[in-house]
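Colleague: Sequence and predicted model, in that order:
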Amino acid sequence: MNERLDPERILLVTGMSGAGKSTALNTLEDLGWEVVDNLPLKLLDRLLDTPPAEGATRDHRPLAIGIDSRTRAFDAEGVIRRVAKLRQRAHYDVAMLFLDCAGAELERRYDETRRPHPLALDRPASDGIMRERELLRPLRDAADYLVDTTQLSRAALQHDLRARFGEEHGTETVLTITSFGFARGLPRNADLVFDMRFLRNPHWDRDLKPMTGLDAPVGDYIAEDPVYEQAVVQIEDLLLTLLPRYASEGKAYVTVAFGCTGGRHRSVHVAERVARRLRDAGFSPTVAHRDLATAPRDAVEELRAGTGAR
């Protein structure tokens, strides 16, 4: 007797059109997941009852199913009911991933690709985005994983998904330390944010301005701030307290963000220092500097600090 497809883990991948569903499904497939896109949910039971190919063994690979507003007979509440029904089968671990994105960024992406929105083929993309957001709201509210791709490149989204859905890490938390500039907005996927704008600013030193927080003279300058050592040590101690608790609660992915005005000096230096302390404590953080390549601008620093403030 043939054995059926029997994944132990099922992930429904959904979200706003243009937010990265195709990238997500391709990434999961690269990670070894079985991937099916735009499958009507009423056919899911039939898929799970499908026997493997002749000669194949029982297939326990995780299964990712792409669903969006274009799926035949799409009904958000029906999707939620189907997920609840699947969860009643004790051997299935069922979760939902929702990919979100700001409307302005979605409009830019559709304009850039010159593709019409699937829900507004003869109208502006903004109309379709608004309609789709309402249709998908129940799924967004019910999602187990929410990833906002507004500020994520394709590579950054792939990195995020590999960290969340790649090989199991046991109780180890996948940790990312990132720096950013408040002038360009908060990182949307940060779990903890620390504001470093209270530290002395190397931007106003003529020699240090072209450098970054990766350069030793910049680090030395920041470290001369009277409150630097006490403040950073307290942040490090807080993280050393919190991160094991996140792991014990099963949180597989934590991003800690350090911000300053431009994202080139103070936040970069502190992120690097904290990452070193965490490595010494046995963690394995990935370090990213979102705004390191941006050009230094006096107008931005003056606007954030107050005109004339140095």
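Modeller: Now that the structure is in, tell me what you want to look at.
Colleague: mind listing the strands for the stretch 1-150 of the chain?
Modeller: Using DSSP state E, counting those that start in this stretch, the strands of the stretch 1-150 of the chain run over 9-15, 34-37, 63-66, 93-100, 145-148.
Colleague: which stretch among these comes nearest M130?
Modeller: For these, proximity to M130 was assessed by C-beta to C-beta; strand 93-100 is nearest, at 14.0 Å. Any C-beta I mention is one placed from the backbone N, CA and C, and that applies to glycine too.
Colleague: How about residues contacting the closest one?
Modeller: Contacts to strand 93-100, defined as C-beta atoms under 8 Å, 6 or more residues apart in numbering, come from residues 8-16, 19-21, 24, 83, 86-87, 136, 139-140, 142-150.
Colleague: Direction included, what does it pair against?
Modeller: Using DSSP bridges, the strands paired with strand 93-100 are strand 9-15 (parallel), strand 145-148 (parallel).
Colleague: which of these sits most buried?
Modeller: Of those, the one with the most neighbours on average (mean count of other C-beta atoms under 10 Å) is strand 9-15, at a mean of 24.
Colleague: quick one: average pLDDT of that strand?
Modeller: For strand 9-15, the mean pLDDT works out to 92.
Colleague: Equivalent analysis for stretch 78-85, please.
Modeller: Averaging pLDDT along stretch 78-85 gives 86.
Colleague: With stretch 62-72 instead?
Modeller: What stretch 62-72 shows for mean pLDDT is 85.
Colleague: thinking in terms of the whole chain, how far from its middle is it?
Modeller: 20 Å (C-alpha atoms, centre = their mean, to the nearest Å).
Colleague: Need the nearest residue in space to E77, chain neighbours excluded.
Modeller: The shortest distance from E77 to any non-neighbouring residue, by C-beta to C-beta, 6 or more residues apart in numbering, is to P138 (5.9 Å).
Colleague: That neighbour - how many residues pack around it?
Modeller: Residues contacting P138 under the criterion other C-beta atoms under 10 Å number 15.
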